[in-house]
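Student: Whatever this is, show me its structure:
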Amino acid sequence: MRIAFLGIGLMGQPMAVNLLQAGFQLTLWNRTRSKAEALIRHGADVAETPAQAIADADIIITMLENGPIVDQVLFNKELPASFKQGCTVIDMSSVPPQLAKQHFARFKDIGVNYLDAPVSGGTVGAQQASLSIMAGGEKAVFENCQTIFSALGKATYIGPAGSGQLAKCANQAIVGITIGAVAEALLLAAEGGADPAAVREALLGGFASSRILELHGQRMIDREFNPGATSRVQLKDLRTILDTAQSEDLTLPLVQQTFDQYQELVDKGYEEVDHSGLLLQLEMLNDNRTLNDKPTTSPYNQPDHP
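Tutor: Numbers count the residues shown, from 1 in each chain. Down below sits the predicted model:
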């Protein structure tokens, strides 16, 4: 089984390494070729174009930033790819559910299987092969891909095409809103004179405990905002959630409020900070009162950054 893996970024790189270590043959493509070439020592081949990577692949995995990029890479009009009959495309990117449905139908017409299978778990989950994988598509195709999924984490079949992306929308709604709640709770505690680190420790033993409080709460206390997942991507996912909600005539006020705060953070130039960096927006909203006096570590800790 030969796998084409398209997108060797923060998530794609450790995922590709885990597949290589599991014994799969991989041909990699990435817009910045050097990121793919770094995995040659692990046994990977590197293609010049997506079409070259796809040509002999039984499985094509995409781990790209957004729906338009996935669309452009898979259906490039200038360098069209030729898909092997009966191969399977697994889109592990986060794209709109409606786009996933369109891709499913488009591939079905040419005899290619398709799963939308976005992931949750961040770079830590990718490195540890403990990702939560949410898959939509035909169940038989999902079951045939279990050996691949097991090298990356735990996969759950959600339902027909687009269902995996709906589950990812649900995931990102909870993640974004909870990051905001943790930031507000810790800043409130700190401003009232409590030690935010001690407050976090206490809350981890109670009903408010969550993975977000555990990991991102610690990031906030450490003021460590180098990205595992960027605020720019979190904002994109929240936009997808709101667009999907609108198509279903739903109003999601908490998602909207969280989106607005991430939008302000990104507009101020902090698009590459970790999404736990929403704390920075909250601090700026409160006259730059900070959680603690620790130095901030982020892609933007230079003195001349606003």
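
Student: What residues of the longest helix along the chain count as buried?
Tutor: Counting by DSSP state H, the longest helix found in the chain is helix 163-191. Neighbour counts over helix 163-191 (16 or more other Cβ atoms under 10 Å) mark 163-169, 171-183, 185-187, 189-190 as buried. Every C-beta, even on glycine, is put in place using the N, C-alpha and C of the backbone.

Student: Stretch 221-239 now?
Tutor: 221, 223-225, 227-239.

Student: mind listing the helices for the stretch 101-250 of the chain?
Tutor: Secondary structure of the stretch 101-250 of the chain (DSSP state H, counting those that start in this stretch): helices at 122-127, 139-144, 146-150, 163-191, 196-203, 211-222, 231-247.

Student: Show which residues not belonging to the fifth one make contact with it.
Tutor: Contacts of helix 196-203 with the rest of the structure, by Cβ atoms under 8 Å, 6 or more residues apart in numbering, involve 185-187, 189-190, 209, 213, 217-218, 220-221, 291-292.

Student: The last one now?
Tutor: Defining contact as Cβ under 8 Å, 6+ apart, one finds that helix 231-247 is touched by 65-67, 94-98, 166, 168-169, 172-173, 175-176, 179, 251-252, 255-256, 258-259, 262-263, 265-266, 270-275, 277-278.

Student: can you check the first one too?
Tutor: With Cβ under 8 Å, 6+ apart as the test, helix 122-127 has contacts from 10-11, 13-15, 18, 119, 130-132, 152-153, 215, 228-229.

Student: From the contacts of helix 196-203, pick the one nearest Ile3.
Tutor: Gln218 (34.7 Å; Cβ to Cβ).

Student: and the closest residue to that closest one other than its chain neighbours, how many residues sit next to it?
Tutor: Spatially, and ignoring its direct neighbours in sequence, Gln218 is nearest to Arg200 (7.1 Å; Cβ to Cβ, 6 or more residues apart in numbering). Arg200 has 21 neighbours, counted by other Cβ atoms under 10 Å.

Student: Which residue of the protein lies farthest from its centroid?
Tutor: Within the chain, the residue lying farthest from the chain centre (Cα atoms, centre = their mean) is Gly193, at 35.6 Å.

Student: about what we covered before: just the buried ones from the contacts of helix 231-247?
Tutor: The buried subset of the contacts of helix 231-247 - by 16+ other Cβ under 10 Å - is 65-67, 94-97, 166, 168-169, 172-173, 175-176, 179, 252, 255, 258-259, 262, 265-266, 270-275, 277-278.

Student: Next one: Ile241 from Gly228, what distance?
Tutor: 20 Å (Cβ to Cβ, to the nearest Å).

Student: and if you look at Ala208?
Tutor: Taken as Cβ to Cβ, the span from Ala208 to Gly228 is 22 Å.

Student: just the strands in the stretch 1-150 of the chain please.
Tutor: 2-6, 25-29, 45-46, 59-62, 88-91, 113-116, 119-120, 131-137 (DSSP state E, counting those that start in this stretch).

Student: okay if I get these as a markdown table plus mean neighbour count and distance to Val73?
Tutor: Shown next, in a markdown table, are the strands of the stretch 1-150 of the chain (neighbours: other Cβ atoms under 10 Å; distance: least, Cβ to Cβ, whole Å):
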| stretch | mean neighbour count | distance to Val73 |
| --- | --- | --- |
| strand 2-6 | 25 | 6 |
| strand 25-29 | 22 | 8 |
| strand 45-46 | 18 | 15 |
| strand 59-62 | 25 | 7 |
| strand 88-91 | 27 | 10 |
| strand 113-116 | 27 | 14 |
| strand 119-120 | 22 | 18 |
| strand 131-137 | 26 | 19 |
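
Student: Sweet, I'm off.
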